[in-house]
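[1] Just to be clear, the model below is a prediction. Sequence and coordinates:
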Amino acid sequence: MKGYRRFESSQRGLTLRSNDAFRAYFRARDALFAGQSAEALAEIERAVTILPDDENIRFLRAGALLFNNRVAAAQSEIRALIARRPAWQTIIESLASKGLLALPPDLDVDSFLGP
């Protein structure tokens, strides 16, 4: 029973942390849509601190970095996502083809994604 209680307690802790992380994620998303890029970045950084390996949080972080003119950091984040799960490249290319990826005017999606 002791092992089960530890497992149950750790699962409860993970659930609480996940809840906190995604609350910050949704606040960041809402801030981005409201044009508050600095606030969005601060919120998504909170989420990353709580769940550093969550790919959806990392993807939104890349967007927040872009909106804060931190293009190199955004590229690094995106490239790390693609290295971990190559399907992200297809997602990003699809968003770009629909005009839903806000890249600086002097940067195309191929250059952004890099070699």
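    Structure received.

[2] Could you list the residues in contact with stretch 17-37?
    Applying C-beta atoms under 8 Å, 6 or more residues apart in numbering, the contact partners of stretch 17-37 are 39-41, 43-44, 46-47, 50-51, 54, 56-57, 60, 63-64, 67-68. The C-beta positions use only the backbone N, C-alpha and C, and glycine is treated the same way.

[3] and what of stretch 105-115?
    With C-beta under 8 Å, 6+ apart, stretch 105-115 has contacts from Val71, Gln75, Ile78, Arg79, Ile82, Gln89, Ile92, Glu93, Ala96, Leu101, Leu103.

[4] residue contacts, the third one?
    To tie it back to what came earlier, the one meant is Ile78. Per C-beta under 8 Å, 6+ apart, neighbours of Ile78: Phe59, Ala62, Trp88, Ile92, Phe112, Leu113.

[5] tell me the centre residue of the chain?
    Central residue of the chain (C-alpha atoms, centre = their mean): Arg58, 2.4 Å from the mean position.

[6] Any idea how many residues pack against Ser94?
    When neighbours are defined as other C-beta atoms under 10 Å, Ser94 has 11 of them.

[7] Which positions in the helix or strand containing it come out as buried?
    In this assignment (DSSP states H and E), Ser94 forms part of helix 87-97. Buried positions in helix 87-97, judged by neighbour count with 16 or more other C-beta atoms under 10 Å: Trp88, Gln89, Ile92, Ala96.
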